[in-house]
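> this is the structure alone, sequence omitted:
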């Protein structure tokens, strides 16, 4: 079990018989104030700013972020703890996984360039070459303009 500021990160639900909190890193439309930040997401707390390694691209349709994990670049987002039984997981299935994203464990860092991660969290990543649009050099979907309306990702 890892700790960050008194918050315990527990093992995935498959290793428990009772519900637990699962660390999840969100970087795009699931972040505070973006189009998919609704009641399902608001139940996950706290929201701690953080970074993961990789590149952030806009979908060729422009309305959806695509995180490509890798050793170069940094992507800004929020670390949150989600109850393993919350509706958030249903939202991830219908809004992210169904469109081609994969859930992977990535290290989450307090700042870009940090040598030591806080720990690992689940992150929706884009594993495909298709639909990769322009690189968002800042690595921050919120400051890039982000999505302004809910649309299907990548067409």
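Sure thing, it's come through. Since the structure is predicted, the reported quantities are computational estimates derived from the model, not experimental observations.
> can you give me the helices for the chain?
39-42, 87-95 (DSSP state H).
> which of these has the lowest mean pLDDT?
Least confident of the helices of the chain, judged by mean pLDDT, is helix 39-42 with a mean of 58.
> which residues of the protein fall in strands?
Ranges of strands in the chain, per DSSP state E, are 2-4, 7-9, 21-26, 45-59, 65-83, 102-108, 119-125, 132-135.
> residue contacts, the closest residue to residue 124 other than its chain neighbours?
Distance criterion CB to CB, 6 or more residues apart in numbering; nearest residue to residue 124, sequence neighbours excluded, is residue 101 at 4.1 Å. All C-beta atoms are positioned from the backbone trio N, CA, C, and that covers glycine. Listed by CB atoms under 8 Å, 6 or more residues apart in numbering, the contact partners of residue 101 are 124-126.
> on that earlier part again, can you tell me which of the strands of the chain is most buried?
Among the strands of the chain, strand 21-26 has the highest mean neighbour count (mean count of other CB atoms under 10 Å), at a mean of 23.
> next, the residue nearest to residue 124: phi, psi?
phi -70, psi 160 (degrees, to the nearest 10).
> how near is it to residue 116?
Here the criterion is CB to CB, to the nearest Å. By it, residue 101 lies 27 Å from residue 116.
> now do residue 73
18 Å.
> ok, residue 129 next?
To residue 116, residue 129 is 32 Å away according to CB to CB.
> again, but for residue 78
19 Å.
> please apply the same query to residue 48.
15 Å.
> what of residue 21?
22 Å.
> what stretches of this structure score poorly on pLDDT?
1-19, 32-45, 62, 84-86, 146-155 (pLDDT under 70).
> can you rerun that using 80?
Where the chain drops to pLDDT under 80, the residues are 1-21, 29-46, 61-63, 82-92, 95, 145-155.
> now do the phi/psi pair for residue 137.
phi -60, psi -30.
> list the contacts of it.
Contacts of residue 137 by CB under 8 Å, 6+ apart: none found.
> if you set the cut-off to 10 Å instead, what comes out?
55-56, 73, 144 (CB atoms under 10 Å, 6 or more residues apart in numbering).
> who does residue 120 form a beta bridge with?
Residue 120 has these beta-bridge partners by DSSP bridges: residue 107.
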